[in-house]
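**Student:** Okay, sequence plus prediction incoming.
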Amino acid sequence: MSVSHRQGCVASFPSILKILPLVCAVLAGMLAGCRNETPPKTPSPKAVAASVVTVASENLVETLELSGTVRAAHISVLSSKVPGRITAISVREGDRVRKGQVLVRIDDRETAAGVAQAQASVRQARFAVEEADKALTMAQAERRAAEARNDLAQATYRRFQALLARESVSRQEFDEMEAKWRSAAADADRARQAVEALRAKKEQALAALRAAEAALEAAQALRTYADVTAPMDALVTAKHAEVGQMASPGLPLVTVEDPSVYRLEVPVPEGVLAKVHVGDAVPVLVALAPEPLSGRVVEVFPSVDPQTRSGLVKIDMPPALAVPGRSPEWRTGTFARARFITGSRETLLVPASAVLQRGQLTGVFVVDDTQVCRWRLVRTGRSMGERVEILSGLQPGERIVASVVPELKDGLRITAN
């Protein structure tokens, strides 16, 4: 270092010494100011009012919904019992009819002829009975006369026996009287036999009369079959023939059904069939009703269809519903579903409003001990009205937000709603 440079540094040192106290004072003030400042606080999370529920394990009833068909409990396919040409059909599909009302008429000329012939047979049989009765009356009178003659001849014969013993009459006279008595006795026997024969003949005539009367009743009944009548108060659901066609026994003419009682017929798999019993209450789901209806099992078929491996179960339907704008009646062929109980299991159920869907992810907001909510992924099962089954992601005893609100986010504090 040169002499001139060393002199310059020495000359500036007193200047530095002069400003040093001022610098120290400024630094001391800054340090004091730092010591008096309050340290910054961590901001608290925003609070959101929401209801909170505790998740609990519940016993869930396992059910199986099966499809079936609604049918009237009583359906009759009417046909004629006599052959003939159809002369009149007085109903159409949808008509309501009363029990005994004539629905179809068949030409009854042949049956009318049969009735007339049967009536003639009855008249002839009655005449035969009357004749037999008259003959029997006469025979009974003749028998009484013959028995009276026989009694007189027998008494006379006994007197002649006494006279013969005293030799008051000759042997010739006695033999003649004995012959008269024996002849009278024979006449009385023949009269009795004639009465018995006429009695038998009258019984035969009465039997023939009863047969003729039965044939007349059958012919008259057959004639009534020419009128096909309703077997009950019913609804006409099908007409199978037209006027002019030939009717024959067994040929369907009209189908009617009782509209007061309907049943749901459901094929039930054989594995479930053993769990279904007569009298069980079964919820029934139909399109007309927003809520399940209450049905009851009335019949369980004991056999299983070898093709479908299922057995038929019949469920009584409740009375028809009055739904505005829709028919208030059940209809045969209507589709419906029945919900059968197959068992039970433990599961978790949460309000459906607690489940939040984010794209393909499903989750709920779990509330911890500090009242802060955290969004957690869960796997859901079946929906049951206003509740949803949780298969995984939650444990019993945990608390969740019962109803997700728009401002709810992960990390927010929850206050009781």
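**Tutor:** Perfect, I can see it now.
**Student:** which stretches of the stretch 151-300 of the chain aren't confidently modelled?
**Tutor:** Applying pLDDT under 70 to the stretch 151-300 of the chain flags no residue at all.
**Student:** need the strands for it, in chain order.
**Tutor:** Using DSSP state E, counting those that start in this stretch, the strands of the stretch 151-300 of the chain run over 227-229, 234-239, 246-247, 252-257, 262-269, 281-285, 293-300.
**Student:** Format the ones you listed as CSV; extra columns: mean neighbour count.
**Tutor:** All C-beta spots, glycine's among them, are computed from the backbone N, C-alpha and C. Formatted as CSV, these follow (neighbours: other Cβ atoms under 10 Å):
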stretch, mean neighbour count
strand 227-229, 18
strand 234-239, 19
strand 246-247, 18
strand 252-257, 21
strand 262-269, 21
strand 281-285, 18
strand 293-300, 17
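**Student:** Among the ones you listed, which comes closest to Ala135?
**Tutor:** strand 227-229 (43.5 Å; Cβ to Cβ).
**Student:** Out of the strands of the stretch 151-300 of the chain, which is closest to Ala179?
**Tutor:** Nearest of those (Cβ to Cβ): strand 227-229, 73.0 Å.
**Student:** Contacts only, for Glu147.
**Tutor:** 188, 191-192 (Cβ atoms under 8 Å, 6 or more residues apart in numbering).
**Student:** give me that answer again for 10 Å
**Tutor:** Applying Cβ atoms under 10 Å, 6 or more residues apart in numbering to Glu147 gives the contacts 184-185, 187-189, 191-192.
**Student:** Kindly report the domain assignment for the chain.
**Tutor:** Domain segmentation of the chain under automatic domain parsing yields 50-57+347-416, 79-107+226-256, 109-223, 260-345.
**Student:** Could you export those as CSV, including distance to Thr63?
**Tutor:** Shown next, in CSV, are the domains of the chain (distance: least, Cβ to Cβ, whole Å):
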stretch, distance to Thr63
domain 50-57+347-416, 9
domain 79-107+226-256, 33
domain 109-223, 53
domain 260-345, 5
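**Student:** Count the neighbours of the nearest residue to Ala226 once chain neighbours are set aside for me.
**Tutor:** With sequence-adjacent residues excluded and distances taken as Cβ to Cβ, 6 or more residues apart in numbering, Ala226 is closest to Asp108, at 3.7 Å. By other Cβ atoms under 10 Å, the residues close to Asp108 number 19.
**Student:** Do I have it right that Asp108 meets Gly84?
**Tutor:** Yes: between Asp108 and Gly84 there is a contact under Cβ atoms under 10 Å: 6.8 Å.
**Student:** Between the two, which contacts overlap?
**Tutor:** Joint contacts of Asp108 and Gly84 (Cβ under 10 Å, 6+ apart) are 225-226.
**Student:** neighbours around the closest residue to Val297 other than its chain neighbours, how many?
**Tutor:** Spatial nearest neighbour of Val297, chain neighbours left out: Asp280 (4.6 Å); criterion: Cβ to Cβ, 6+ apart. Look at Asp280: counted by other Cβ under 10 Å, it has 16 neighbours.
**Student:** If you count residues, where's the longest helix of the chain?
**Tutor:** helix 109-165 (DSSP state H).
**Student:** mind checking which of the domains of the chain is nearest Leu66?
**Tutor:** Of all the domains of the chain, domain 260-345 comes closest under Cβ to Cβ, at 5.2 Å.
**Student:** ok, Arg123 - contacts?
**Tutor:** 209, 212, 216.
**Student:** Return the closest of those with respect to Val228.
**Tutor:** So of the contacts of Arg123, ranked by how close each gets to Val228 (Cβ to Cβ), first place is Leu216, at 22.2 Å.
**Student:** pretty sure that closest one contacts Gln124?
**Tutor:** No: counting by Cβ under 10 Å, Gln124 is not a contact partner of Leu216; they are 11.7 Å apart.
**Student:** Looking at those two, which is more packed in?
**Tutor:** Higher neighbour count among Leu216 and Gln124: Leu216, with 21 against 13, using other Cβ under 10 Å.
**Student:** which ones are touching that one?
**Tutor:** 114-123, 125.
**Student:** bridging residues for Val350?
**Tutor:** Counting by DSSP bridges, Val350 forms beta bridges with Val388.
**Student:** Counting neighbours, what do you get for it?
**Tutor:** Neighbours of Val350 (other Cβ under 10 Å): 21.
**Student:** Pretty sure it sits against Pro396.
**Tutor:** No: if you go by Cβ under 10 Å, Val350 and Pro396 don't touch, sitting 11.3 Å apart.
**Student:** Please enumerate the shared neighbours of these two.
**Tutor:** Between them, Val350 and Pro396 share the contacting residues 55-56, judged by Cβ under 10 Å, 6+ apart.
**Student:** what about the strands of the stretch 151-300 of the chain, which gets the closest to Thr54?
**Tutor:** Ranking the strands of the stretch 151-300 of the chain by proximity to Thr54 (Cβ to Cβ) places strand 281-285 first, at 29.2 Å.
**Student:** which residues in the stretch 201-350 of the chain form helices?
**Tutor:** Secondary structure of the stretch 201-350 of the chain (DSSP state H, counting those that start in this stretch): helices located at 270-273.
**Student:** hang on, the earlier thing: the residue nearest to Ala226: what's it in contact with?
**Tutor:** Taking Cβ under 10 Å, 6+ apart as the test, what Asp108 contacts is 82, 84, 87, 114-115, 222-227.
**Student:** Buried ones among those?
**Tutor:** 82, 84, 114-115, 222-223, 225-227 (16 or more other Cβ atoms under 10 Å).
**Student:** would you list the residues you listed in TSV and tack on distance to Leu293?
**Tutor:** TSV is the format used below for the buried ones among the contacts of Asp108 (distance: Cβ to Cβ, whole Å):
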residue	distance to Leu293
Val82	44
Gly84	46
Gly114	53
Val115	52
Leu222	46
Arg223	47
Tyr225	41
Ala226	44
Asp227	40
